[in-house]
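In: Prediction below, plus the sequence it came from.
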Amino acid sequence: MTAAIVLSAAEMNEADRLAVKGGVASLALMERAGASVAELARRGWEKRPVAVLCGPGNNGGDGFVAARHLAEAGWPVRVGLLGAQSALKGDAKIMAERYKGYIEPLSESVLEGAGLIVDALFGTGLARPLEGEARSIVEAANAHPAQILAVDIPSGINADTGAVMGAAIRAARTATFFLKKPGHLLFPGRGLSGVIDIFDIGIPPAVVETIRPQTFENQPEIWGHAFRRPGSTAHKYTRGHAAILSGGRLKTGAARLAARGALRIGAGLVTVLTPPDAAAENAAHLTAIMLREAADARAVGAILADRRFTSALIGPGAGVGEATAEKALAILNSGAGAVLDADAITSFSYDPARLFGALRAIDVLTPHEGEFTRLFSDLKVESIGKLEAARQAAARSGAVIVFKGPDTVVAAPDGRATINRNAPADLATAGSGDVLAGFIAGLRAQGTPAFEAAGIAVWLHGACGQAAGPGLIAEDLPEAVPEVFRTMLEPPPGSRERQGA
C-alpha cells in the first residue's frame, strides 16, 4: 500500500467496517486513534494546559481517549462535550466513561487558560454546515491564542471537497488516520489543516485492495513507472517531436515559453508552427527550437500529417475564435497527442459538444477555473467540489483534465485522479501555465501516457517553482528542470557513474 492513496469519507468508513469485519475491534481502533493524538500533542508541544473539545460522535470518542492519555502523562486537561453525555452511544460512550476527569458542557469557558486546544468535534462524517453552539465554539477556538490540534480533519471541513461548511477550525496540526482524505489536499481545507501527520491505527492495508480507491496525492511513486529516461542508444528522433502553435504578431511569447518547456522536459525535437506574420518575431528568439510557417488549420493539418510529430499544443497566445478552434480540430484529426490550453479551450465555450466529439483519450485539456467554468458551465465546483468536477469533466470530454490551481487536480476518463500539493505560491505569475502546457506536450511527445504525463508535468512544475524560489518568472521554470532532474534521477544503468569509473 502506498501513502499516496487518498480515501473519501465513504471509503474511510468502508475501511473501518472491513477492519472490524476482519477481526479488529472498533474500540481498539478508537483507542489507537486517541492515543496517537495524545502522542502528537506531546511530540509537538511542551506540557501545558489543554482543552479537549469533544463532539457527540466517534471523533469525540477519539478526543476522550486523547484526554485520558494526556491526563495520565501529567497534562492539565479540561474536556468539554457538545451535547449531553447521556446521549453518547457505542464506542464514544465507553471512552467517555473511561475518562476519569470531569466532562463539562462545551462552552467558551472550557478554553480559558488553555495552551493547546484539541479539536475532536467533528470528523470526516460531517454532512451539514455548522451552526448554533457548534459554530460559536469553532469561532471562539480560532480566536483563542492557543494553537489547535485537529483530530482526523479540522471540524467544519468537508472531507471530500475541502469546503468550509459554515465555519471551520484553523489547525496548526492535524492527526489523521490510515490515509489522507481529499479535504486535506484541496483548498480551503488544505490551508486550514496545518501540518498533517498520518497514524497507523491498526486497519489492515489489505482493505485497500477491496476498496480499490482511485484518488491519489500527486507524487513520483504514482507515476514513476511511466517516467521515461532516454536509453543508451537514444537520439533526438527517438525522443519525440512536439509541435507548438504560436499566436500571431506580438502574441508569440506564450508559445515560446511552452516550446522551451517541452524541449527542457525531454522532447527530442520541438517546432513552433507560426503564422507568417509572426515568423520573423519568433525567428529572432528561437535557436534549438525549430520554426515552420502555418497560416491556417489546413496548413497545420498538412504539417501534422507527418507522423513523426507525436504531440501538438495549441492555446498559449492563440487568440479566442473560430480560427483557433479549427486549428485545434486539425490537431485532433492528426495522429499527434493534443494538449489544449488557454484560448484553445475558450474557443469552444459556445459549443463544447463540438470539442468533445473530437477529443480522444490521448488528449489533455488544461483549464484554470475560469476556463473550466466556460467549458463545463453546468458542473458547479462550489457544490460538488473540484475533484468531482474534474472527474465528471474527464468522463464527459473523454480526455484527461488538468484542473489548474494551487491544488491542481488531474483526472482521467476512467475515474483515476491525483491532487497536487507541491506548487508554491510563487508560480502565480504570467506565463507559468504556458510552461506547464509545454511540459505536458514534451512528455506526450516522448510517448508518456496522457494521465501520467499530466501528473508528471504538474509535479515537476511545482518542483521547478520551488527550485527557482521567490521572485521567479515563467522563464525561470524550464531552466530549473536540470536541477530538479538531478535531485530525482539516478544515473542510467550501465553509465560510468554507476560503475564508479
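Out: Structure received. Worth saying up front: this structure is predicted, and the values here are computed from it rather than measured.

In: what residues are up against the nearest residue to A19 once chain neighbours are set aside?
Out: In this structure, A19 finds its nearest non-sequential neighbour in I203, 4.4 Å apart by C-beta to C-beta, 6 or more residues apart in numbering. For glycine as for every other residue, the C-beta is placed from the backbone atoms N, C-alpha and C. Contact analysis of I203 by C-beta atoms under 8 Å, 6 or more residues apart in numbering lists A15, D16, L18, A19, V24, L29, F177, F178.

In: cutoff 6 Å now
Out: If you count contacts by C-beta atoms under 6 Å, 6 or more residues apart in numbering, I203 has them with A15, A19, F178.

In: Check I362 too.
Out: Taking C-beta under 6 Å, 6+ apart, we find I362 in contact with G337, A450.

In: Just the pLDDT for it.
Out: For I362, the pLDDT comes out at 97.

In: Which strand or helix spans it?
Out: Under the criterion DSSP states H and E, no helix or strand holds I362.

In: again with I198
Out: Here I198 sits within strand 195-199, counting by DSSP H and E.

In: by contact count, what packs against that strand?
Out: strand 173-177 (3 or more C-beta pairs under 6 Å, 6 or more residues apart in numbering; DSSP states H and E).

In: quick revisit: got the angle between the strand holding I198 and strand 173-177?
Out: 30 degrees (axes from the mean of the first three to the mean of the last three C-alpha atoms, to 10 degrees).

In: Which residues are in contact with the residue most central in space within the chain?
Out: Centroid-nearest residue in the chain, with C-alpha atoms, centre = their mean: I419, separated by 2.0 Å. Going by C-beta under 6 Å, 6+ apart, I419 touches L185, E217, V409.

In: now G247
Out: G317, A318, G319.

In: backbone phi and psi for the last one, please?
Out: So the one you mean is G319. G319 adopts backbone torsions of phi 90, psi 140, taken as degrees, to the nearest 10.

In: Check the gap between it and A254 for me.
Out: 11 Å (C-beta to C-beta, to the nearest Å).

In: More neighbours: which of the two?
Out: A254 (26 against 16; other C-beta atoms under 10 Å).

In: which sections of the stretch 401-501 of the chain are below the confidence cut-off?
Out: The stretch 401-501 of the chain contains residues with pLDDT under 70 at 490-501.

In: residue boundaries of the helices in it?
Out: Counting by DSSP state H, counting those that start in this stretch, the stretch 401-501 of the chain has these helices, from start to end: 432-445, 450-468, 476-488, 496-499.

In: contacting residues around the nearest residue to A159 once chain neighbours are set aside?
Out: Leaving aside its chain neighbours, A159 sits nearest to T124 (3.9 Å; criterion: C-beta to C-beta, 6+ apart). Residues in contact with T124 (C-beta under 6 Å, 6+ apart) are A9, M12, D152, I153, A159, K181.

In: Check G431 too.
Out: L257, A474.

In: Quickly note the distance from it to G317.
Out: 10 Å.

In: Likewise for M30?
Out: 56 Å.

In: Is E97 within a helix or a strand, and which one?
Out: Here E97, judged by DSSP H and E, is contained in helix 90-98.

In: Quick check: which helices or strands does that helix pack against?
Out: helix 26-44, helix 58-72.

In: The longest one: which residues count as buried?
Out: By neighbour count on 16 or more other C-beta atoms under 10 Å, the buried set for helix 26-44 is 27, 29-41.

In: Run the chain-centre distance for it.
Out: Relative to its parent chain, helix 26-44 has a centroid offset of 27 Å by C-alpha atoms, centre = their mean, to the nearest Å.

In: going on from that helix, what's the next piece of helix or strand?
Out: strand 50-54.

In: Now that following strand: buried residues?
Out: So for strand 50-54, counting by 16+ other C-beta under 10 Å, buried means V50, A51, V52, L53, C54.

In: Out of the residues you listed, which comes closest to V364?
Out: Set against V364, the nearest of these by C-beta to C-beta is L53 (44.7 Å).

In: For stretch 316-334, what does the pLDDT average out to?
Out: 98.

In: Contacts for that stretch next, please.
Out: Against stretch 316-334 from outside (C-beta under 6 Å, 6+ apart): 247, 251, 254-255, 258, 297, 300-301, 304, 312, 314, 338, 340-344, 346-348, 358, 434.

In: Now with 7 Å, please.
Out: 245-248, 251-255, 257-258, 296-297, 300-301, 304-305, 312, 314, 338, 340-344, 346-348, 358-360, 363, 434, 437 (C-beta atoms under 7 Å, 6 or more residues apart in numbering).

In: same check, this time on stretch 139-149
Out: So stretch 139-149 is contacted by 37, 40-41, 53, 108, 111, 114-119, 167, 169-173, 175 (C-beta under 7 Å, 6+ apart).

In: all helices of the stretch 251-400 of the chain, in order?
Out: 253-264, 279-283, 297-304, 322-332, 343-346, 352-356, 369-375, 381-384, 386-397.

In: between these, which gets nearest to N58?
Out: helix 386-397 (24.2 Å).

In: What lies in contact with that closest one?
Out: Residues contacting helix 386-397 (C-beta under 7 Å, 6+ apart): 161, 182, 186, 215, 356, 359, 365, 376, 379, 381, 400-401, 403, 407, 409, 411-413, 415, 417, 419.

In: Please report the distance of the nearest residue to E281 once chain neighbours are set aside from G224.
Out: Leaving aside its chain neighbours, E281 sits nearest to T252 (5.2 Å; criterion: C-beta to C-beta, 6+ apart). Plainly put, T252 is 35 Å away from G224 if you go by C-beta to C-beta.
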